[in-house]
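1. Curious how this folds, go ahead:
(one chain, ligands or ions: 1)
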Amino acid sequence: MKLNRIEKIAIWCIIVLALAIWVNSRWRAWFHNAEEAGYYVALTPDRVTLTPGENFMTQRTVSWRCGKKYETSYLRLVHDGDTTTINANGKTVLAYDKKDEFYAAHINDLKDSIYRYQVVTGNKASQWFTLRMPKPNTNTRQFIYFGDVQDTIGGTSKQIFDNLYQRYPNADFWACGGDLIEHATDEYWNYLYQSTDSILAKMPLINATGNHDYLKLLYQLINPRWVNAFVYPSNGAKTAIGKSYFIDLPNLRMIVLDTNGIQDSFTLTSQYVWLRRILRTSGNKWKVVMMHHPIYSVRKGRDNTMIRNTFLPLIKKYGVQLVLEGHDHNYARYIPNKGTTPVFLISYMSPKSYTRIKPYKGMKVIQERRFYQVIDYTPNEMKIRAYYAMSDSLVDAINITRR
Ligand SMILES: [Fe+2]
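-> Model (predicted):
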């Protein structure tokens, strides 16, 4: 059928109009960043955050923020009556045209012991914190996993964090699958540190980037406060240094991907090549991969095809036993091949739930609750227990045995 000029123009008008309506409907999701409100400069060191180095048993990094411009800063570490001073690097962080000076001090050669530390900027010092290093010869190790927290200001996450810290004092670390805060604004950062009190200065956090940790633009950028608060080893993919990384424990390699930072074939290939290399070199360890976007999504209307097609073959080929994920605001535990690994686990701790799809065969899905997971492992067995965060009742339990 041959169209005349007017018919062709009419068709193009309809296409452009449909595109405009679609972009308009998605505008907020793609480009809207929350307004910055309640910002204030830290007059003394605040937001003290403890993260592990590549070697979990001997290395820690402590970050904090103070003031708007660099002043001489250091960490004071006390052990057995001896005090060591560790110089800190400073970084001026500009977010929403607001300036903060962030600091990071790297501590190496830590022993199986209990230390105390405080951080100092200029003549202003923080309170003292306890730094408890793990025992290397323990047969059973434990960590806590939670997905998206995204609490509302004045919500109940403080109760959950307090409870977790008291209930599991011997956990080596907490792991979060991204979206720890609802908006990337200073108000929500303040709320995170209010709700975690000083736990983040004492319990090492292994955190992944989520979409709420990125600033929305045509090409999304990580919130600069995120990479300067959570300072991880620079052992990740070239395009995602500080956002993709791995941490080694005696029988475990924790691998974190930056799935939100995958925005083109270059960033995708970079993380693929890196993941393949560090899975190949992981040795005889448990391999746990953590990422924000699930390989098997359970939220209605979502399907992360590119992430699945890229990373699933590596996860299978190199024997990853557990994949920890978030983003979908449902609990979902899925073992595609019954009796084997990998196990895929999606979780969330947020008051916000999403409508789920009809689950895959054999997938356990729970909606409209908040969860945390306790993971205990020995060299040969990993026990994963999921609990309702508000009541501590057990809702799911699986054991993985290593052949
Ligand atoms: Fe998310």
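2. need the residues of this protein near the ion, please.
-> Counting by Cβ under 5 Å from the ion, the positions of the chain adjacent to the ion are Asp179, Gly210, Asn211, His327. Heads up, the C-betas are built off the backbone N, CA and C, glycines and all.
3. what do you get if the cut-off is 6 Å, keeping everything else the same?
-> Asp148, Asp179, Gly210, Asn211, His212, His292, His327 (Cβ under 6 Å from the ion).
4. Beyond the helix or strand hosting Ile144, next helix or strand please.
-> Using DSSP states H and E, Ile144 sits within strand 141-146. On the C-terminal side of strand 141-146, the closest following helix or strand by DSSP H and E is helix 157-167.
5. Give the other helices and strands that that following helix contacts.
-> helix 186-195 (3 or more Cβ pairs under 8 Å, 6 or more residues apart in numbering; DSSP states H and E).
6. Next SSE downstream of the helix it packs on?
-> Counting by DSSP H and E, the next helix or strand C-terminal to helix 186-195 is strand 205-207.
7. How far does that next one sit from its chain's centre?
-> Remark: strand 205-207 is offset 6 Å from the chain centroid, using Cα atoms, centre = their mean, to the nearest Å.
8. who's in contact with the very next helix or strand once past that strand?
-> Next in sequence after strand 205-207, counting helices and strands by DSSP H and E, comes strand 214-215. In this structure, residues lying in contact with strand 214-215 by Cβ atoms under 8 Å, 6 or more residues apart in numbering are Asn33, Ala95, Ala184, Gln220, Leu221, Ile222, Asn223, Asn260, Gly261.
9. what about strand 214-215, average pLDDT?
-> Strand 214-215 shows an average pLDDT of 90 in the prediction.
10. Paired strands for the helix or strand following that strand, with orientation please.
-> As assigned by DSSP H and E, the chain's next helix or strand after strand 214-215 is strand 221-222. In the sheet containing strand 221-222, its partner strands are strand 214-215 (antiparallel), by DSSP bridges.
11. which helix is the longest one in the chain?
-> helix 5-31 (DSSP state H).
12. Off-centre distance for that one?
-> 37 Å.
13. Mind giving me the packing neighbours of that helix?
-> So helix 5-31, by 3+ Cβ pairs under 8 Å, 6+ apart, packs with no helix or strand.
14. I'd like the average pLDDT over that helix.
-> 81.
15. For the residue of the stretch 251-400 of the chain found nearest the ion, grab the count of nearby residues.
-> Among all residues of the stretch 251-400 of the chain, His327 sits closest to the ion, at 3.9 Å; criterion: Cβ to the ion. His327: 28 surrounding residues under other Cβ atoms under 10 Å.
16. Name the secondary structure element that contains the residue lying closest to Ala386 once chain neighbours are set aside.
-> Distances taken as Cβ to Cβ, 6 or more residues apart in numbering place Asp396 nearest to Ala386, at 4.0 Å, with adjacent residues excluded. Counting by DSSP H and E, the element that carries Asp396 is strand 394-401.
17. What helices and strands are in contact with that strand?
-> strand 331-334, strand 364-366, strand 381-388.
18. want to throw those into JSON lines with mean pLDDT?
-> What follows is these, written out as JSON lines (pLDDT from 0 to 100):
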{"stretch": "strand 331-334", "mean pLDDT": "96"}
{"stretch": "strand 364-366", "mean pLDDT": "93"}
{"stretch": "strand 381-388", "mean pLDDT": "98"}
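19. and the nearest residue to Ile278 once chain neighbours are set aside, which of the three is it?
-> Excluding the flanking residues, the one nearest Ile278 by Cβ to Cβ, 6+ apart is Phe246, at 5.4 Å. At Phe246 the chain is in strand, as set by DSSP: H, G, I helix; E, B strand; the rest coil.
20. So what's the gap between the next helix or strand after the longest helix of the chain and the chain middle?
-> Counting by DSSP H and E, the next helix or strand C-terminal to helix 5-31 is strand 46-52. Relative to its chain's centre, strand 46-52 lies at 14 Å (Cα atoms, centre = their mean).
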